[in-house]
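Student: Sharing a sequence plus its predicted fold:
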Amino acid sequence: MQSLDAEKLRNELRLWLESNWDPNASLIEWRTKLAESGWGMPTWPSQWFGKDLSLVLNPIVDEEFSRTNAVTVARSGIRLLAAATILEHGDDSQKSRYLRRILTGEDTWCQLFSEPGSGSDLAGAITRADFDGSQWIINGQKVWTTSAHHADYGLLLARTDWEAPKHDGLSYFVIDMHQPGVNVHPLKQMNGHASFNQVFFTDAVVAPENQVDRIGNGWKVAMTTLMHERRSADALRSVQRDRNLEGRIYDEEREETATVMEPYKWYPQRAGRVDLVFERAIETGKIDDPVVRQAVADLMIKAKTAEWTARRARAAQQQGRPQGPEGSLGKLAASHVARQASKVHTMISGSDSMLGDEDGPLAGLIAEILISVPATSIAGGTDEIQRNIIAERVLGMPKEPRMDTGPFRDVMKNPGPGGAP
Amino acid sequence: MQFTFNEEQDQLRATAQKFLADKSPTVEVRRLMETHQGYDPIVWAQLSSELGFTATHIPETYGGLGLSHAELGILFEEMGRTLLCAPFLATAIAATAIMNVGTESEKSELLPDIATGARIGTLAVFETFGTWDADSIELTAKNDRLNGVKRYVLDGHIADFIIVVARTTTSDGIDSIGFFLVDGDAPGLNRRVLNTIDSTRKLTQLEFVDVAARRLGGNDDQSAKLADTLDLAAIALANEMVGGAQHLVDETIKYAAERIQFGRAIGSFQAIKHKCADMLLDVEMAKSAAYYAATAAASSDPELPVLASLAKAAASEAYMRIAAECIQIHGGVGFTWDNDTHLWFKRAKSSEVFFGDPSYHKEQLVTRWRH
C-alpha cells in the first residue's frame, strides 16, 4: 500500500519539478512557487502551504529535490521553529501573515528566550510585557540571540503575570525587531567571536494580534519551539545536493547561506575536531607516544560510540519504533567527545598549545579548538541540566524538591532589567 | 549497517529473557557458583536441545541454525544480564574456532554435537603472565604431542574437548601457530579449577604432559585465524558485559527510588541523579559499540579488528565504572555478601581483563586504525 503511495508521490513530484524547476529563477520567485504548490513543506497542512503528507513519505520528497538539485524553501536559522510554533499555536491571521514569507526566506527570525538571569531555568524569565490598554509594552533583556542583528521578527517569551506561579505567568509574542525600543548588541565570547547578541527592550511594543496562543500559556508554546529545534536540525541535513552548481538561484542561495552560517564558523572547533587527531598525531610524531595513543583511543571510543548511538536513535525513529534512552544522550556524549578531543589536541601540540593565530599550530586552528570547547557542555542546555533531564524523564527518578513554587513575585531571583513592578 | 534489531531478533531476545529469568535467578546463580562444575546440566540441555542457543551461529550444514554473531550477541547480552552459570561462552568460542580453522570434515564431525549441546568445548590460548595474542604462546606441539601449560581456560574442567592453540612448525620447518584438538579426559592432561574472584565463571589451568592431539585445518600457520577468533571472542564478551552493566543500572535506579535518607528518596538528590545519568550514558555508548561490532562480525566487515578492540575496551570500562557506582550508590549494604551487587561487580572485574584489558585493546585500536 505504502509503496504504491510512494511511487505515485514520486511521479507527481517529478512531473511538477520537470515543468517548474528553473535554476535561473530568482530565489524568492522559486520559493513562492514551492510555498503555493505545497511542495516546499509537503508535511504541513494543505490549508497552509503543505500537502498533508505523512512524515514517513517525506524522504521521497527530499530524494527528488536532491536528484534534480532543486533549491528548497528557506530552512536555515530558526525560521522553521517559528513556523512550527505558529502552525501549532498561532491563529489564522498569524499563519497567513508569517508562514509564506518564512518559506520564501523574505523574513528572518530570532528566538528571544534566554536572559542573563535565566539560562538553565528558562521559565524564570523576567522580561516583562504589560498591556497598556491598546498594546503590549516590553521591557527587559534577552541574551544568546543568534542572528538578532538581521532578524525581522523575534519569538519572545515574556512575563505577563507576577502573581501566578513561575511557568503560568509567561506569554508568547511575535515582536517586530525593527522598532526604536529594540536594541541589539553583539556579545563577544571567550574565543573572540561574536556569534550571538544581547537584545535590550525599552518600552518596545507588540500589537495584541501578535500574541501567540492565550496569555499565560507562553511556557507551553515555548516548549513547542524547543521541541522542534532538534527536528529542524535533522531536516537541514537531509537534502543533499551536488556542489558548485551554476545558475542565478544557486548564487542567491549561497549568499543567503553565507550570511546565516557566519555565526557558526567556529562550531566545528567547538566540537573538538576529532577528524584532525590522527593527522596531527602522525605529523608531530606523537603517534609513537604510548600515553598519547591511549588518549587517542579513548577519544575514538567516545566519538564512534556517540556516532553509533545517534544512529541507533535515528534508525529507531525512521522505522517508527519507540526510541530507547539512546535518543536523549547525544548532547552529553558530545560534551565528552569535545573535552577528550581538546585534551588530546593539547597532548599532541604540547607547548605549542599556548600559541594562537599565525604563531599557533594550523594557523591558530588548534588554539581555537582549545578555547571553544567549553561552549559544548553549556550551549543548548548544560551537561548538569542534561543529567537532570535524563535522570528524571528517562530513568524516572524522583524530582528534586522545588524552591520556586508559589507566586513568582516571591521567588528568589537574579537582579536584572525588567523585573517585578 | 543495520542500527536496530529486527523482529526476529527481538523475539529471540524475548525468548532468552523469559528463559533466563526463570532458570537463572540470583538464587540459582548463588547455588551454582558454589559448585565444582559450575552449571546445571538440566538447564544446559534445555537451552541447547530445546531452545537451540548453542546452535545459533553454526551453519545449517553442520546442524546449526545458521544465524549470525548479531543473534549470538543478543544471547550473550541476556546471559550477562542474568549472570547465567553455564559453559556457553566457552562452547560458542570453541565453535567459532572450529568454523575458522576446521576442514569440511572436521566441521562436520565436531559442530553438530556443539549445536545440540551434546558436547561442551573450550578454547585454550593463554598462558602464564601472557599477553592476549599469539606472541605469548609457549606450549609446544611436536609430532601431535602437546607439552606446556594453559591458563584462564573457560570451563576446562568440564569440557568434553579442548581446542589448544600451540607453537609448532609448518611443513617447511617455520615457527608457527596451530590449533589442536584434545579430548577432555586425554591421558597426561591435568585439569585444575583456578581460584577466581568471579566464581560464577569457572576458569581452569590445564597442564599438558605429552598429550596426544590432532591438528585441525592443516599444517599452515594459523596465527591470523587465532587473531580473528579472539576478535570474535572479544565481541561476544563485550555483548555479555553490556547486559550485565544494564542490569546494574536498572538495580541502581530501583534502589535509589526506594532508599530514604534525610526524609527523601536518595534518587531525588542531584548527586545521585547525575551519577545515574552517567551510568546510563556509559551503558548505552558501550551497547552501541557492542552491537555495531556484532553486526560487523555478522557481515565479515574488514574493520572487524578495530571494532572488536573498540567494543571490548568500551564495554570493559563502562561495566567496571557502573559496577563501582552501583556499589557506591547502595552504600554500606552494597559491600555486603547478601546484597547481589558484588556478583556482577566480580563478573565486571574479571571480564575487564579477560581477552585483554582496556589498555591492551586501546593500543590495538590505534594500531589497527586505518588512517
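Tutor: That came in fine, so what should we check first?
Student: correct me, but residue B:287 touches residue B:242?
Tutor: Yes: counting by Cβ atoms under 8 Å, residue B:287 sits close enough to residue B:242 to count as a contact (4.7 Å). C-betas here are computed from N, CA, C, even on glycine.
Student: ok, whatever residue of the stretch 101-250 of chain A ends up closest to chain B - how many residues close by?
Tutor: Using Cβ to the nearest Cβ, the single residue of the stretch 101-250 of chain A nearest to chain B is residue A:120, 12.3 Å away. Each residue near residue A:120 was counted by other Cβ atoms under 10 Å in any protein chain shown, and the total is 12.
Student: which residues does it contact?
Tutor: Shown here is residue A:120, whose contacts under the criterion Cβ atoms under 8 Å, 6 or more residues apart in numbering or on different chains are A:381, A:382, A:384, A:385.
Student: Apply 7 Å and report the result again.
Tutor: Taking Cβ atoms under 7 Å, 6 or more residues apart in numbering or on different chains, we find residue A:120 in contact with A:382, A:385.
Student: Chain A against chain B: which residues are in contact?
Tutor: Neighbours of chain B within chain A, by Cβ under 7 Å from any Cβ of the partner chain: A:278, A:282, A:293-294, A:296-298, A:300-301, A:304-306, A:308-309, A:311-312, A:315-316, A:319, A:321, A:325-326, A:329, A:332-333, A:384, A:387-388, A:390-391, A:394-395, A:397-401.
Student: what about residue B:122, which SS state?
Tutor: Three-state call for residue B:122 (DSSP: H, G, I helix; E, B strand; the rest coil): strand.
Student: With residue B:179 instead?
Tutor: Under the three-state scheme (three-state DSSP), residue B:179 adopts strand.
Student: So it versus residue B:226, what's the distance?
Tutor: The spacing between residue B:179 and residue B:226, counted by Cβ to Cβ, to the nearest Å, is 8 Å.
Student: how about the helices of chain A, start to end?
Tutor: A:2-20, A:27-37, A:58-68, A:79-89, A:92-104, A:218-238, A:248-261, A:267-270, A:277-284, A:290-318, A:330-349, A:365-372, A:383-389 (DSSP state H).
Student: now for those, which one comes closest to residue A:409?
Tutor: Comparing the helices of chain A against residue A:409 with Cβ to Cβ, the closest turns out to be helix A:218-238 (17.0 Å).
Student: quick one, domains of chain A?
Tutor: The record assigns chain A these domain ranges, following automatic domain parsing: A:2-72+A:239-262, A:107-231, A:272-375.
Student: Now tabulate the ones you listed in CSV and tack on mean pLDDT.
Tutor: Supplementary listing: the domains of chain A in CSV, determined by pLDDT from 0 to 100:
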stretch, mean pLDDT
domain A:2-72+A:239-262, 92
domain A:107-231, 95
domain A:272-375, 94
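Student: Just say helix, strand or coil for the most centrally placed residue in chain B.
Tutor: Among the residues of chain B, the smallest C-alpha distance to the mean C-alpha position (Cα atoms, centre = their mean) belongs to residue B:237, namely 3.8 Å. Per three-state DSSP, the local secondary structure of residue B:237 is helix.
Student: Equivalent analysis for residue B:166, please.
Tutor: Quick answer, by three-state DSSP: residue B:166 is strand.
Student: Let me see the contact set for it.
Tutor: For residue B:166, the set of contacting residues under the criterion of Cβ under 7 Å, 6+ apart consists of B:137, B:139, B:140, B:141, B:146, B:178, B:180.
Student: how close does it get to residue A:368?
Tutor: To residue A:368, residue B:166 is 55 Å away according to Cβ to Cβ.
Student: neighbours around residue 119, how many?
Tutor: Went with chain A since none was named. Other residues near residue A:119 number 17, with proximity taken as other Cβ under 10 Å.
Student: looking at chain B here, not the other one
Tutor: With neighbours defined by other Cβ under 10 Å, the count for residue B:119 comes to 18.
Student: and the gap between the closest residue to residue A:289 other than its chain neighbours and residue A:277?
Tutor: Here the nearest residue to residue A:289 in space, its sequence neighbours aside, is residue A:347; by Cβ to Cβ, 6 or more residues apart in numbering or on different chains that works out to 7.9 Å. Between residue A:347 and residue A:277 the distance is 10 Å, computed by Cβ to Cβ.
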